[in-house]
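> here are the coordinates; sequence isn't available:
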């Protein structure tokens, strides 16, 4: 399988490419933007905002109101319901204290549904998370919010925080489309990644199966009470399944509520690049073997590339 990837940005490496030098322009040319579902249909003022970089005053938007739908269920390719994440024997998660790049880039997400998740900076003002972390109940009422805090720690915001102005994700109406596309990109009001940096993304190659190279960060409730970031390193992906340019990756990395949306990432290009292959999604049965799932694929790379192009600094 030919993988796609786009680069990240370490603010201390001035030679590190910021943009999409390894993304095929042919793939991008044929990217069907109609896949993306906007959460923004009606405009309302949240008050004037001027960024530190002189960004002009802009309007925040929120979705149309309507009948309150149930929160979308995540299902695998065969339509089977995906259950919450699980912890496996030999749990290797530890509290993360390191605040260097890229460890500080993963943060806690809180939402207007009184729920939490995890996400990671993937652009100057962009965050990647799981689609099911979005506050679907609030969205249905037309009044929703999300807040991202990089390296949130015991209620503190050591690197600032930002509310979300916009979100994009793949459609939820196709049950065969959900698990392999359980990711969303968020646009922040504040360009936190401009100072902190961000990671890149990559689709997963079959040759990477069972390589103990992946790290994961998130805010699980059973480690630090969801108040401290938990990290686990040297995790493998046991298998991968293709679905409409998305991927479902199988792992026995220990995950729990609060981990959803947290990245699985590794180092590339002699350690100069860090790229995520997907985000924590749910627990699912793979051929009667119950494991945790990670959502990724070419469309993860595509949606991040779309956000970088359409939501510039």
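Arrived safely, thanks for sending. Only a predicted model underlies this, so the values are computations on that prediction, with no experimental measurement involved. Numbers count the residues shown, from 1 in each chain.
> Please make it C-alpha for all contacts and neighbour counts, starting now.
Noted.
> Mind pulling up the pLDDT for residue 97?
Residue 97 is assigned a pLDDT of 94 by the prediction.
> got the contact list for it?
residue 229 (C-alpha atoms under 8 Å, 6 or more residues apart in numbering).
> and what of the one 5 residues further on?
Listed by C-alpha under 8 Å, 6+ apart, the contact partners of residue 102 are 10, 197, 198, 199, 274.
> gap between it and residue 245?
Note on residue 102: its distance to residue 245, by C-alpha to C-alpha, to the nearest Å, is 27 Å.
> low-confidence ranges in the stretch 201-313 of the chain?
When residues are selected by pLDDT under 70, those of the stretch 201-313 of the chain lie in 283-289.
> residue ranges of the helices in it, please?
For the stretch 201-313 of the chain, the helices defined by DSSP state H, counting those that start in this stretch occupy 298-310.
> Strands of that one, start to end?
Along the stretch 201-313 of the chain, counting by DSSP state E, counting those that start in this stretch, strands occupy 214-218, 230-235, 239-243, 246-251, 263-268, 273-286, 289-296.
> could you dump those strands to CSV with mean neighbour count and distance to residue 142?
Shown next, in CSV, are the strands of the stretch 201-313 of the chain (neighbours: other C-alpha atoms under 10 Å; distance: least, C-alpha to C-alpha, whole Å):
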stretch, mean neighbour count, distance to residue 142
strand 214-218, 27, 28
strand 230-235, 19, 33
strand 239-243, 18, 31
strand 246-251, 26, 29
strand 263-268, 22, 29
strand 273-286, 26, 25
strand 289-296, 25, 27
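> before we move on, back to that, could you identify which of the contacts of residue 102 has the most neighbours?
Within the contacts of residue 102, most neighbours by other C-alpha atoms under 10 Å means residue 198, with 30 neighbours.
> ok, that one to residue 222 distance?
27 Å.
> Dump the strands of the stretch 201-313 of the chain to CSV, plus distance to residue 158.
Converted to CSV, the strands of the stretch 201-313 of the chain look like this (distance: least, C-alpha to C-alpha, whole Å):
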stretch, distance to residue 158
strand 214-218, 16
strand 230-235, 16
strand 239-243, 36
strand 246-251, 31
strand 263-268, 20
strand 273-286, 22
strand 289-296, 28
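> To residue 133, which of those lies closest?
strand 273-286 (9.4 Å; C-alpha to C-alpha).
> Just want the angle from that closest one to strand 263-268.
Orientation check (axes from the mean of the first three to the mean of the last three C-alpha atoms, to 10 degrees): strand 273-286 against strand 263-268 gives 130 degrees.
> For strand 273-286, enumerate the helices and strands it packs against.
strand 200-202, strand 263-268, strand 289-296 (3 or more C-alpha pairs under 8 Å, 6 or more residues apart in numbering; DSSP states H and E).
> before we move on, back to that, just the contacts of residue 102 now: which is nearest residue 205?
Nearest to residue 205 among these, with distances taken as C-alpha to C-alpha, is residue 274, at 15.7 Å.
> pretty sure that closest one contacts residue 264?
No: with contact defined as C-alpha atoms under 8 Å, residue 274 does not count as touching residue 264 (10.2 Å).
> and residue 155, how many residues sit next to it?
Other residues close to residue 155 by other C-alpha under 10 Å number 9.
> List the residues that contact it.
Contacts of residue 155 (C-alpha under 8 Å, 6+ apart): residue 227.
> now residue 308
Here residue 308 is in contact with 123, 126 (C-alpha under 8 Å, 6+ apart).
> let's go with 7 Å and repeat that
residue 123 (C-alpha atoms under 7 Å, 6 or more residues apart in numbering).
> Equivalent analysis for residue 181, please.
170, 246, 295, 296.
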